[in-house]
Structures are given as C-alpha cells and as structure tokens.
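J.: Got a predicted structure here, sequence first:
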Amino acid sequence: MAKPADSAHWTHKLFVERPELFLPFLEKAEDRAEAEVAALARLFDEHGVPPGGSVLDVACGIGRHALPLARRGYRVTGFDIAPLFVERARERAAAQDGDAQFFVGDVRDIAPLLKGQGPFDAIVNMFTSNGYYGRAADVALFQRLGAMSSSRAVMVVQTINLDWLVPHFEPEGMDAAGTVRILQRRRLDMDKSTMRSEWDFYEGSGSDVRLRLKLEMEHRVYSLKELRELLEEAGWGFVQGLGGQRGGEIGLAELSPDLMDMWVVARWP
C-alpha cells in the first residue's frame, strides 16, 4: 500500500481511493491483452527466457498480461498499488489455469514487499505504468528490479512513444469505458518531458451523470534515447527499441515516430 505521506499523490487518490473509476478502462483494454502477451512471448523466446520461467508483472492491474502469461506456462508474480485491482486478479486467477500470484503495494517498496519471491527471469512493465513519480524514482525502481532478477534476465517496458506524442498531441480529449467518462485537459512540458493533466471523472448514463472525481496529475514521458539512458543508468543493458500500434495483432517493428507504443527490451548483466 502507498505510504500515508503519499496520500495526496494522484496515484493514491485514483488507484487506492477511487480505483473503481479506472477499473472499466482496464477491462476495456482486455481487447488487446492477448495480442500483447503473444508479442511478449515472442520476445521472451527470442531473448532466452526459459519455458516455465519466472515473470514479474509490475503494475499488473487486474492481471490482463499476468494471467495469459501464466496460461502459457510461465510462473507469474503480479504487483500493483490498487487493492481492488489485485483482488480482481486473484479472483480471476482462482478460476483459470496457470501459476500466478498477486501482491499489493507501492512500487517504491517492491523489494521488501516481495521478499522471498524471485529471482525473476523476465520483468514486464506495460501500459505506460512508469514515470508516475519522476525520472529519479524510475531509475531507483529499475535498479531494484535488477536486484530481484536472475543473471541475464530480460525486461520489457511498454510505454507511450514521446516522438509520436509530440506531433499527435491534443490538449483536450475524452475517453469512455462502461458508464465512466474522463474529460481530459493536457499540457506537454517539453523542457521536462512531462505530461501535466487534469482529469474529470463522470459516472452514470442518461440524465443521471455525476462528477465523481477531479484529479490533477503528471507523469514523465520518454523518447527512446531518454529511456535507454535511464535504463543504462540503472544498470540494465539496452537490447532494442521496438514500436507498434494498438489493436489487432501486435506486429512489432523498429521504432519510428509513426508508432505510438514504444517497447524497450533490456537485459540484466
């Protein structure tokens, strides 16, 4: 669980205090989870993750990637800050085949909270689940993940591609899932590679639509060069940067500014 001192941080307000407002968006993203897991499995095979190897899914949410990986024979540990999401992942794991277990906690405390788990042969961090606490916190996180990894472990980080985001940036937007709507106002601070946003969560249908949460948030966004430098500073060896579009079969290709999703593969020495 997030530390009490962090209760004012936007991640705590959303994922710990009001996770039910974001839950429909994770459920909506299930549509592409199987294709993303297939891409992960291909990368694991290509880079030597053993069949049945141990995998850590950081910021696992409701287990969208963890559970399909477990069904493919990997031994999966999921970790997320939201108790509601972990509860859902555990319920789903109990009803499915595969070796998966899930833990609740703040990623900044991941090492002591997963003491006795690992070492991990592969680590995945999907769905732009880094950058929430700034660059220095990301370096520290990836250092801790390295210390929890086996020799020659592989890590895959999937996030938004800054070089795609800049020409496609929209200062306002709306997203919808289930009965929840998010009105978004955004500002991209290029000097600090930071997205600053205001999200208004509305819930309901017809005439019964109510504002449930107003949230100010910011997170770091990275170019391939920036993320590579960060990972290397944390002790990881850069392997490759790939890109893909969301939806349908994930055909990863050499990263370019035309591809929205950035997949970075790194290896622990």
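T.: Everything's here; your move. In this text, all values refer to a predicted model and were calculated from it rather than measured experimentally. Residues are numbered from 1 along each chain as shown.

J.: Correct me if wrong, but Ala176 is in a strand.
T.: Yes - Ala176 forms part of a strand when assessed by DSSP: H, G, I helix; E, B strand; the rest coil.

J.: Could you pull up the contacting residues of it?
T.: With contact taken as CB atoms under 8 Å, 6 or more residues apart in numbering, Ala176 is in contact with Ile182. Where you see a C-beta, it was placed from the backbone N, CA and C, and this is true even at glycine.

J.: Partner strands of the helix or strand bottoming out on mean pLDDT in the chain, with direction?
T.: Here the helix or strand of the chain ranked lowest by mean pLDDT, DSSP states H and E is strand 253-254, holding a mean of 93. Strand pairing for strand 253-254, using DSSP bridges, gives strand 237-244 (antiparallel).

J.: tell me which residues in the partner strand are buried?
T.: For strand 237-244, a neighbour-count test (16 or more other CB atoms under 10 Å) marks Val239, Gln240, Gly241, Leu242, Gly243, Gly244 as buried.

J.: Run the chain-centre distance for the least confident helix or strand of the chain.
T.: A distance of 20 Å separates the centroid of the chain from that of strand 253-254, by CA atoms, centre = their mean, to the nearest Å.

J.: so Leu114 touches Ser149, yeah?
T.: No - applying CB atoms under 8 Å, one finds Leu114 not in contact with Ser149, separated by 11.9 Å.

J.: okay, these two: which has more neighbours?
T.: Per other CB atoms under 10 Å, whichever of Leu114 and Ser149 has more neighbours is Ser149, with 24 against 17.

J.: so the more buried one bridges to which residues?
T.: Applying DSSP bridges, one finds that Ser149 bridges with Phe120.

J.: Quick check: Gln101 vs Glu233, distance?
T.: As judged by CB to CB, to the nearest Å, Gln101 and Glu233 stand 31 Å apart.

J.: try Leu113
T.: According to CB to CB, Leu113 and Glu233 sit 24 Å apart.

J.: Val124 now?
T.: Distance from Val124 to Glu233, by CB to CB: 20 Å.

J.: Then Thr194?
T.: Computed as CB to CB, the Thr194 to Glu233 distance reads 18 Å.

J.: packing partners for the helix or strand encompassing Leu227?
T.: Using DSSP states H and E, Leu227 sits within helix 224-233. Contacts defined by 3 or more CB pairs under 8 Å, 6 or more residues apart in numbering; DSSP states H and E place helix 224-233 against helix 135-147, strand 149-160, strand 237-244, strand 261-267.

J.: need the strands for the stretch 51-200 of the chain, in chain order.
T.: Ranges of strands in the stretch 51-200 of the chain, per DSSP state E, counting those that start in this stretch, are 54-58, 75-80, 99-104, 120-125, 149-160, 172-177, 180-189, 194-205.

J.: Against which helices or strands is the fourth one packed?
T.: The elements that strand 120-125 packs onto, with contact taken as 3+ CB pairs under 8 Å, 6+ apart, are strand 54-58, strand 149-160.

J.: I'd like the ones you listed as TSV, with distance to Arg186 appended.
T.: Shown next, in TSV, are the helices and strands packed on strand 120-125 (distance: least, CB to CB, whole Å):
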stretch	distance to Arg186
strand 54-58	25
strand 149-160	12
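
J.: Deepest in the core, which of these is it.
T.: Of these, the one with the most neighbours on average (mean count of other CB atoms under 10 Å) is strand 54-58, at a mean of 25.
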